[in-house]
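Student: kindly return the folded structure for what I paste below:
(one chain, ligands or ions: 3)
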Amino acid sequence: MHSLSVSGQPSLLCQLEWKSLNQVPDSHIWPPDLLHHHPTSNIIPPSSSMPIIDLTAADSVLIPLVGRACETWGAFQITGHGVPLRLLDLVEAQTCRLFSLPSAHKLRAQRCPSGGVTGYGPALISSFFSKLFWSEGFTIVGSAQEDARKLWPNCFNDFCSAMEEYSKGMKDLSRRVIVLMLRSLGLSEEDIDEVGPLRGHDEVEPVLQLNYYPPCPEPDRTMGLADHTDSSLITIIHQSSCVTGLQLLHHDESDNPRPQWVEVPPILGALVVNVGDLFHIISNGRFHTVIHRAVVDRTWSRISVAYFCGPLAHFKVGPIQKIVDPNHGPAYPGITWPKYLSLKKKLHNETLASIRLPLAAKRQDDEKKVL
Ligand SMILES: C=C1C[C@]23C[C@H]1CC[C@H]2[C@@]12CCC[C@@](C)(C(=O)O1)[C@H]2[C@@H]3C(=O)O
Ligand SMILES: O=C(O)CCC(=O)C(=O)O
Ligand SMILES: [Fe+2]
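Tutor: Ligands and ions are numbered 1, 2, ... in the order given. The predicted structure is shown next:
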């Protein structure tokens, strides 16, 4: 997927020696208005909690559960997914090994400042903010070999084989989850083969984002990873099992008129599935693309490994015709993943709104007015 390019990241990497700091430097202090909008403390316990779905159940049980989770939360945790704990521990250990390297060493694999996607650096969305994130990232598109060689010229293999095995596991799992999601929209197995975004799934280059959030002396003054939606169809996240950090913005319509940040509790061996922007598009807006962020902890560091599952680069993703209500028409045009990403690098959280089509009913009204 070399056609993916997200540029505009800060060329100067402010690489901190996190451990030496006993307060947050100005470069990482987030303005109170941004933090005020989304306070990191005072999280009201939600009246319902995020769905946890055990994939060992029968498909007939899973399909409605998955559908409801995607419509109401845009995210859910999965257990019984078949990815062995050994593999989750392995990928976490290799991620830990990478981020434990000395700063100067990690910078050898720095993401190319003029528009690179792969390599070491702040998360790509960091270019939208004047303050830096309390985190480090490492992005792998396809093979990790080139960058891993720069980090460990003589022993890059352990890292690469862990990432490869993990990506393979995630690829199979993402297919399974996507099929359940499509079935919940009313598509049959045959429909999925015909129209589904899974065409060429095996050839899609895996995208992995490794995130490291060091302990922070003043966690309420900074941000690990600011609120965003993922561009993918779905993202599968493994988070370290003892520290909370991932939060979802959830709108609990029954009780609370305002959306609230809800913590995603780490559960040993469970994985988090996020609905991304592209699935929101193919479901014609029925599935909720979830706004999420990561906050940091005073005492503990945290690691997460996110697998972004998207369609083949040339595949145009648009609302699936069979599920579009003819009275309203499609809410979005067809778009490829690389095209969507290039818009996202300019518009960030406004991207979906920028391509949304007026409702067919409204279009007809407007057309009548012109006549
Ligand atoms: C395939 C993808 C998806 C990307 C861009 C590109 C490679 C890295 C991904 C992330 C990972 C971190 C959050 C995010 C928001 C970011 O800053 O970089 C993601 C972004 C997206 O989902 O838009
Ligand atoms: O650290 C986390 O749990 C979230 C990571 C994330 O949202 C991402 O990589 O896109
Ligand atoms: Fe994300």
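
Student: mind listing what the residue nearest the centre of the chain touches?
Tutor: The residue lying closest to the centre of the chain (CA atoms, centre = their mean) is D230, at 4.1 Å. Applying CB atoms under 8 Å, 6 or more residues apart in numbering to D230 gives the contacts N274, G276, D277, T289, A306, F308. C-beta: built from backbone N, CA, C; applies to glycine.

Student: any idea how far D277 is from it?
Tutor: From D230 over to D277 the distance is 7 Å, taken as CB to CB, to the nearest Å.

Student: any residues in contact with both of those two?
Tutor: Residues touching both D230 and D277 by CB under 8 Å, 6+ apart: T289.

Student: strands along the stretch 251-371 of the chain, start to end?
Tutor: 260-263, 271-275, 292-294, 302-309 (DSSP state E, counting those that start in this stretch).

Student: and if you look at the stretch 101-250 of the chain?
Tutor: Using DSSP E, counting those that start in this stretch, strands in the stretch 101-250 of the chain cover 119-121, 136-141, 207-213, 225-228, 234-239, 246-250.

Student: M181: which of the ones you listed is closest?
Tutor: Nearest to M181, of all those, is strand 234-239, at 7.4 Å by CB to CB.

Student: output the contacting helices and strands for that closest one.
Tutor: Contacts defined by 3 or more CB pairs under 8 Å, 6 or more residues apart in numbering; DSSP states H and E place strand 234-239 against helix 85-99, helix 157-184, strand 271-275, strand 302-309.

Student: quick one: mean pLDDT over stretch 84-96.
Tutor: Stretch 84-96 comes out with an average pLDDT of 98.

Student: within range of ligand 1, give me the residues from the stretch 201-350 of the chain.
Tutor: V207, Q209, H228, D230, S231, S232, F308, L341, K344 (CB under 6 Å from any ligand atom).

Student: on that earlier part again, redo the strands of the stretch 251-371 of the chain as JSON lines? Include distance to ligand 2 and mean pLDDT.
Tutor: Listed next are the strands of the stretch 251-371 of the chain as JSON lines, based on distance: least, CB to the nearest ligand atom, whole Å; pLDDT from 0 to 100:
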{"stretch": "strand 260-263", "distance to ligand 2": "11", "mean pLDDT": "89"}
{"stretch": "strand 271-275", "distance to ligand 2": "7", "mean pLDDT": "98"}
{"stretch": "strand 292-294", "distance to ligand 2": "4", "mean pLDDT": "96"}
{"stretch": "strand 302-309", "distance to ligand 2": "3", "mean pLDDT": "98"}
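
Student: using CSV, please lay out the ones you listed together with mean neighbour count.
Tutor: Below are the strands of the stretch 251-371 of the chain laid out as CSV (neighbours: other CB atoms under 10 Å):
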stretch, mean neighbour count
strand 260-263, 19
strand 271-275, 26
strand 292-294, 23
strand 302-309, 24
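
Student: distance to T222 added to those strands, as TSV?
Tutor: Listed next are the strands of the stretch 251-371 of the chain as TSV, based on distance: least, CB to CB, whole Å:
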stretch	distance to T222
strand 260-263	16
strand 271-275	23
strand 292-294	11
strand 302-309	14
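
Student: if we compare the ones you listed, which one ends up closest to P51?
Tutor: For P51, the closest of these is strand 271-275, at 9.8 Å, according to CB to CB.

Student: just checking: what are the partner strands of that closest one?
Tutor: strand 75-79 (antiparallel), strand 234-239 (antiparallel) (DSSP bridges).

Student: average pLDDT across the longest one?
Tutor: Per-region confidence: strand 234-239 scores 98 on mean pLDDT.

Student: what does that strand rub up against?
Tutor: For strand 234-239, contacts defined as CB under 8 Å, 6+ apart pick out 88, 91-92, 170, 173-174, 177-178, 181, 245-246, 264, 266, 271-276, 279, 302-309.
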